[in-house]
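Colleague: Following is a predicted model, sequence given first.
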Amino acid sequence: MSETLPELKNLTVVSHPLVQHKLTLMREKDTSTASFRQLLREISLLLAYEVTRELPMTTKKIETPLCEMDAPAIDGKKLALISILRAGNGLLDGILELIPAARVGFIGLYRDHATLLPVQYYYKVPDHLDERVCIVVDPMLATGNSSAAAVTLLKNSGAKNIRFLCLLAAPEGIRHMNEAHPDVPIVTASVDSHLNESGYIVPGLGDAGDRMFGTK
Ligand code: URA
């Protein structure tokens, strides 16, 4: 869908068939909590592949059966995964399976249902953010209010190299991020049509946190 919205910037839509197929299953309203969670874990592995392009690399000395070599390895200590609570944790778990050495931070923001504006209730991030690539994870980029606020908090903590990973994005949220943080690339599996009057992404998949944790 992003081809029809050329004004959206810094955007990568992961159109791989496996991602799109799993996303369709997640969108279906009758998909169980267990399946939703499993699909999210699987899809997060595939999205992680895209968002971790150009990660800082290091080398480590290894011995092959033939000789020693300096072999390339991801510098996991230079990476910070930042989960926007609570739905971000669904994406976080899968990525951590791929990069277990990554440092992890959490930002607690909830959306005031009347104003749709983010209210902060928790903030704990790794130190030396200025030296790290920060990947912020939240499945739903809706209004962009929470995402932009989270990125601002990270920048205030020194972060300079930030990427944003989500499952679904609304054009409104991408525009908001583009305006507030033009330096932050966004990776998503889909750009949906629009937001409804309650701030839900349409067609979307409903409330990601509720579906993931079975709270509704
Ligand atoms: N958050 C969600 O969980 N779903 C939406 O559609 C929008 C924000």
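Modeller: Looks like it arrived, so ask away.

Colleague: Residue numbers of this protein in contact with the ligand?
Modeller: With CB under 6 Å from any ligand atom as the criterion, the chain comes near the ligand at residues 87, 140, 142, 199-201, 204, 207-209. Where you see a C-beta, it was placed from the backbone N, CA and C, and this is true even at glycine.

Colleague: from the residues you listed, which ones fall inside helices?
Modeller: Secondary structure of the residues of the chain next to the ligand is defined by DSSP state H; positions in helices are 208-209.

Colleague: farthest residue from the center of the chain?
Modeller: For the chain, the C-alpha farthest from the mean C-alpha position belongs to residue 66; by CA atoms, centre = their mean, that distance is 40.5 Å.

Colleague: Can you tell me the element that one falls in?
Modeller: Secondary structure from DSSP states H and E places residue 66 outside every helix and strand.

Colleague: Likewise for the one 5 residues further on?
Modeller: For residue 71, the enclosing helix or strand under DSSP H and E is strand 68-74.

Colleague: Which strands and helices lie in contact with that strand?
Modeller: Helices and strands touching strand 68-74, by 3 or more CB pairs under 8 Å, 6 or more residues apart in numbering; DSSP states H and E, are strand 57-63.

Colleague: C-alpha coordinates for the strand it packs on, CSV please?
Modeller: As requested, C-alpha coordinates have been extracted for strand 57-63 and formatted as CSV (Å, rounded to 0.1, in the frame of the first residue of the first chain):
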residue,chain,number,x,y,z
MET,A,57,29.7,-5.7,13.3
THR,A,58,32.8,-6.8,15.1
THR,A,59,35.0,-9.8,14.6
LYS,A,60,35.9,-12.7,16.8
LYS,A,61,38.7,-15.1,16.7
ILE,A,62,37.5,-18.6,15.9
GLU,A,63,39.1,-21.9,14.9
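
Colleague: So what touches that strand?
Modeller: Applying CB atoms under 8 Å, 6 or more residues apart in numbering, the set of residues contacting strand 57-63 from outside is 68-75.

Colleague: Same list (the residues you listed) but as CSV, adding neighbour count and distance to residue 97.
Modeller: What follows is these, written out as CSV (neighbours: other CB atoms under 10 Å; distance: CB to CB, whole Å):
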residue, neighbour count, distance to residue 97
68, 9, 29
69, 12, 26
70, 10, 26
71, 12, 21
72, 10, 20
73, 12, 17
74, 16, 14
75, 16, 18
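
Colleague: ok, back up a step: show me what the mean pLDDT comes to for the strand holding residue 71.
Modeller: The predicted model assigns strand 68-74 a mean pLDDT of 95.

Colleague: Need the residues that contact the longest helix seen in the chain.
Modeller: Ranked by number of residues, the top helix in the chain under DSSP H is helix 33-51. Outside helix 33-51, the residues that touch it by CB under 8 Å, 6+ apart are 12, 14, 16, 18-19, 22-23, 25-26, 31, 90-95, 97-99, 135, 139, 163, 165, 167, 187, 189, 211-214.

Colleague: now with 6 Å?
Modeller: Under the contact criterion CB atoms under 6 Å, 6 or more residues apart in numbering, helix 33-51 has outside partners 14, 18-19, 22, 25-26, 90-91, 94-95, 98, 135, 163, 165, 187, 211-212, 214.

Colleague: Just the buried subset of the residues of the chain next to the ligand, please.
Modeller: 87, 140, 142, 199-201, 204, 208-209 (16 or more other CB atoms under 10 Å).

Colleague: taking these one by one, which sit in strands?
Modeller: For those, the ones inside strands are 140, 201, with DSSP state E as the criterion.
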